[in-house]
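return a 3D structure for these sequence lines:
(2 chains)
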Amino acid sequence: MKKLARQIIEKNRLVIVLFTLITLFLGFFLRDLKINPDILSYFPKNDPDVQLFNYLGEEYGGNSLAMIVLENEEIFTTETFALIDELTTRLQLEPGVAYVTSLTNTLDIKTDEYGFEIGRLVDTANLPRDPEALAILKEYTLGKEMYRNNLVTEDATATLIICRLQTNSDQVATCRRLQEIVAEVAPAMKIYYGGIPFMILDLHNMITDDLKILIPMVSLVIIFFLYLGFRKWEGVFLPLLAVAISLIWTLGVMSLLKIPLSIISNVIPVVLFAVGNAYTIHVLSRFNEARIARTNDGLATALYEVTTPVSLAGITTIAGFISFIFGSYLVMIQEFGIFAALGVLFTLFISLTLIPALLALKREEPGRKDKAQRKTENTGITGRIIPGIEKLVTKRPKTIVWVGIFLAILALTGIPRISRRINLIEYFQPQAGIRQAEAILEEKFGGSGIIQVLAEGDIQDPAVLREMEKMEEFLLAQDGVNNSQSIVNLLKELNHAMGEGKVLPDTKDKVMNVWFLLEGEEVMTQLVNAGRTEAVIQARVAGSLEAERTHELVTAINEYIAGVDPELVKFSQTGMPVIYRNLDRSILRSQFQSLIFAVFLVFIIMLFLLGSLAGGLLGLIPILFTLALIFGFMGYAGIPLDIATVLVASVTIGIGIDYSIHFLSRYRQELAEARAQNLPLETAVRATLNTTGRAILINVFTVAFGFLVLIFSQLLPIQRFGVLVFVTMLASGFSAIILLPAVLLSSGARFHLRPVACRKAGIKKVK
Amino acid sequence: MKKPLFYFGLLLILPGLLFPAAAAGALTAGEIMERVDQTVSAPRDQEMHVKLVITDAKGNESHREMVMMQKGSDRRMVKFTAPPEQRGIAFLSLPGGMTYLYLPAYRQTRRIASHVRNQKFAGTDFTYEDMEARKYSADWEAKLLAEEDGLYRLELTPKEGTVSDYGRLIVEVKAGIFFPVKIEFFDKANRPRKVMVQDKLEQINGYWIAREAEMRDLQAGTSSKMFFTEVKFDSGLADEIFTERYLAR
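Reported below is the predicted structural model:
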């Protein structure tokens, strides 16, 4: 290791050239980096519910319903119908659109005393023109359940056009073109775009905007705090350089591996900026320490000595991110974990190689640095805060401990108040256009979500069809479920047309006879398979269903299914409620698993680092306190668990533990010195606070405010993530420099930490 | 322009040699299409078995068989004979757009109507419009694109006032017998929509017929093929075949 350090210092120019080349190479691939905002594509392929969902999507279409609402004073006019017809035709022609359903092309079965007609609601080549014909059409259309509040509202002021998008197509591009077509054909109409494809389009735009805004903002915040902390441009420029290069590497590798950015990995740049600067700062500080001579030998020693503590800090952070790889339901969370960890690893690597190589370019006399360093320590924000903390901790350690315990217990009472948000629509800000569209879709057309029940059996058997009919009735009786669609209704209409009433045909022969009339109808491919052994019941579900209600709905349907004779027909459900339920469960499970993993890891690291059980337990105190605060804050501030906030606990453990590590390591060194001079514990605490305590404080502010930039994201989960990390970074930082020393002082000898001479400690003084 | 259903023969069965090849010297596009149209109403009656093979986009095939009888150009009876679940289902088309449907399981006859031209006939890729007895020369503007290898290649665009689901047709007509062997259908955005090919031309009782006709839907990826057997022309089909009573038999 020491040899390697020497090599880096001696061959610094080679290192610099090498890094430049790698950065140029990976940077070249950046332009190919894609964004995939489609949350559906991140569901795990091995979940049977997801498999069924995908199967139904591929075989029957309809997982991706792009919904377009047209509002007009009156839908039943010749002009509006002509417009709907033109839109239907144009949208249908669009590549990526599998099928369009609208008032002008939906299959309609008209029955009168003379006979019946299988066709469309209107003859689009010969639209009704006089008011009387339009009034008849209106009465007829609104009288049919399959249209009323499904394709047109009861008050005839809004109509719905549903585009089923092809599963394996670029839905973002398709949605953009759909909007262009609608804007061109119906420029004067009030239009709303809803459904998952349009949500994904909006997410795509938001991710792009976020990247453009958040990266410069986080850079500014970091520059501000670094300058405040160090008052030296070197201390600002080099950490930023290390982060920028590692960001290029990380995104370049993602691009090379064809892994697109998701709504979660979108925050990787901010994470790296906020977290990664610390490693370079440690290296810088070490190099600038007065006693190190700026010779090759001196620099190599400095690099060698700083490698272990900096690596440890990095490894705990990496471990925090890695904890998401296990037990995450969404593939995008795993991807975030992997690439955030990789990014941290790159930053760490660059801080320990390129940065020393750059520093070795510039040799300085040691004396000058010393002065500058001292000056820094007495100024800045830390200069005002640390003495206060020092006074508080040494005067009232017991009070602090009791207040800490009280706060933790208070926070724990907030846990039951934590809500969960899993719904895609809740990623958008309340004023977002898509939320209005979804509200209108829900209010007028029963929602944009879908619930699907697959029936397996002899679909032409009247007994099977009756079970399907009952299932549909059951679904529609559920709160929040509307507008079901299946073969049952069509067969009933045709049975009615044959003069036997609006009920299912009573023999299989009759079913097969009327079935013949439906052959080749496009709608059939959405309802039954070619072998007539499978049929799909599809219903719309309110998009804003609460997590609890989603669980209830899924359970109710499953219980109903359990009561059906599987010999006759086998039902299975999928759709957004099931997927959301699984996501919700997985978020809880994933929270639990990654927490256990992270806490365990912290304990192990502290155990080895401090060489005692007491050390391990001590290290846990600030972390457990912070965790209690995180969840209490979430409960009382109304921040829900969602796909982003679920990450906070592990991220903050990974980052926050560094503070305890730094503090305790330094404390042991100071303890050794204090013991040698027969001074009380308090002296060691004071000394630690005044050295490492300051460094911790600067880092806390940098990281916390770096993450706080995320409140400017357009995505609500990312905003909440930012706020939560902000709060918890402050909590873990301050608990390391207030609560931890208070515990040390008030417990006296109980937490026995062996004092360690400076050089032997794994962690060296790093400020 | 409402026409009765199921004018099978119109595109498929065309009497040849009634109009000798000698006339084909320097015909205009319009004249060629007139010749094609003239052949349509030539047989007094016709009867044939039709085998239908329908292939969906995933390659699944389904088979159907039917007997078709036609008298003049506006009376037609179609009875399905296979598969068993469809046996006995029958359609009767009469002048004036009257169509009757008989479903054996119900023992009921019902009048049916359709005003939707682009709706598929009996699950095939042939739409009602494709099956209509339309006079091409009357409704479509024809342009002769080429004449080679004994084929006229014509482009047809709808005349003012013609209602069609298609924006343009490219028709290949076999010179001499004025038999259309291929029609390419383009949608209104001028994208290829469907292709029909008539194959295995044969002469029966002095009339030309294609033994096979295939329609492929280029956008949906489906296709339908018809095979014609036991073809009889001018066999003197009785008027009582084309009545509601006969539907149930």
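
chain B: strands as residue ranges?
B:13-14, B:45-55, B:61-71, B:75-82, B:90-94, B:98-103, B:108-113, B:140-148, B:151-158, B:168-174, B:179-186, B:192-204, B:207-217, B:222-233 (DSSP state E).

what is the orientation angle of the third one with strand B:75-82?
Strand B:61-71 and strand B:75-82 meet at an angle of 150 degrees, taking axes from the mean of the first three to the mean of the last three CA atoms, to 10 degrees as the criterion.

can you give me the helices in the stretch 151-300 of chain A?
Residue ranges of the helices in the stretch 151-300 of chain A, as given by DSSP state H, counting those that start in this stretch, are A:171-185, A:196-230, A:234-256, A:268-288, A:296-322.

I'd like the mean pLDDT over the second one, please.
When you say that, I think you mean helix A:196-230. Average pLDDT, helix A:196-230: 88.

how near is A:Val17 to chain B?
55 Å (CB to the nearest CB, to the nearest Å). For every residue, glycine as well, the C-beta is placed using N, CA and C.

A:Leu272 too?
From A:Leu272 across to chain B, the span is 47 Å (CB to the nearest CB).

near that residue, how many other residues are there?
When neighbours are counted by other CB atoms under 10 Å in any protein chain shown, A:Leu272 registers 26.

tell me the angle of the longest helix seen in chain B relative to strand B:207-217?
The longest helix of chain B (DSSP state H) is helix B:29-40. Interaxial angle of helix B:29-40 relative to strand B:207-217 (the same axes, to 10 degrees): 110 degrees.

right, so the helices of the stretch 151-300 of chain A: which one is the most enclosed?
helix A:268-288 (a mean of 26; mean count of other CB atoms under 10 Å in any protein chain shown).

hang on, the earlier thing: and the strands of chain B, which is most packed in?
strand B:13-14 (a mean of 26).

so B:Ile170 bridges to which residues?
B:Ile170 has these beta-bridge partners by DSSP bridges: B:Glu155, B:Glu184.

returning to that earlier point: turn the strands of chain B into JSON lines, including mean pLDDT.
Formatted as JSON lines, the strands of chain B follow (pLDDT from 0 to 100):
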{"stretch": "strand B:13-14", "mean pLDDT": "42"}
{"stretch": "strand B:45-55", "mean pLDDT": "91"}
{"stretch": "strand B:61-71", "mean pLDDT": "90"}
{"stretch": "strand B:75-82", "mean pLDDT": "89"}
{"stretch": "strand B:90-94", "mean pLDDT": "85"}
{"stretch": "strand B:98-103", "mean pLDDT": "85"}
{"stretch": "strand B:108-113", "mean pLDDT": "83"}
{"stretch": "strand B:140-148", "mean pLDDT": "88"}
{"stretch": "strand B:151-158", "mean pLDDT": "91"}
{"stretch": "strand B:168-174", "mean pLDDT": "91"}
{"stretch": "strand B:179-186", "mean pLDDT": "90"}
{"stretch": "strand B:192-204", "mean pLDDT": "89"}
{"stretch": "strand B:207-217", "mean pLDDT": "89"}
{"stretch": "strand B:222-233", "mean pLDDT": "90"}
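
of all those strands, which one is nearest A:Gly57?
strand B:222-233 (20.3 Å; CB to CB).

any part of that closest one near chain A?
No: shown here: strand B:222-233 not in contact with chain A (CB under 8 Å from any CB of the partner chain), separated by at least 8.6 Å.

which secondary structure elements does that strand contact?
Counting contacts by 3 or more CB pairs under 8 Å, 6 or more residues apart in numbering or on different chains; DSSP states H and E, strand B:222-233 packs against strand B:45-55, strand B:192-204, strand B:207-217.

between those strands, which gets nearest to A:Phe76?
Of those, nearest to A:Phe76 by CB to CB is strand B:192-204, at 30.7 Å.

and the angle for that closest one with strand B:179-186?
170 degrees.

which residue, other than its chain neighbours, is closest to A:Leu26?
A:Gly252 (2.8 Å; CB to CB, 6 or more residues apart in numbering or on different chains).

please apply the same query to A:Gly499.
Excluding its sequence neighbours, the residue lying closest to A:Gly499 (CB to CB, 6+ apart) is B:Gln108, at 6.0 Å.

surely that neighbour and B:Tyr102 touch.
Yes: with contacts counted by CB atoms under 8 Å, B:Gln108 reaches B:Tyr102, the gap being 7.4 Å.

for the helices of the stretch 151-300 of chain A, which one sits closest to A:Ala158?
Once the helices of the stretch 151-300 of chain A are compared by CB to CB, helix A:171-185 is nearest, at 14.2 Å.

what about the helix or strand that A:Leu724 is a member of, average pLDDT?
If you go by DSSP states H and E, A:Leu724 is part of helix A:716-734. When pLDDT is averaged over helix A:716-734, the result is 91.

then stretch A:466-477?
Here the average pLDDT along stretch A:466-477 is 95.

thanks a lot, catch you later.
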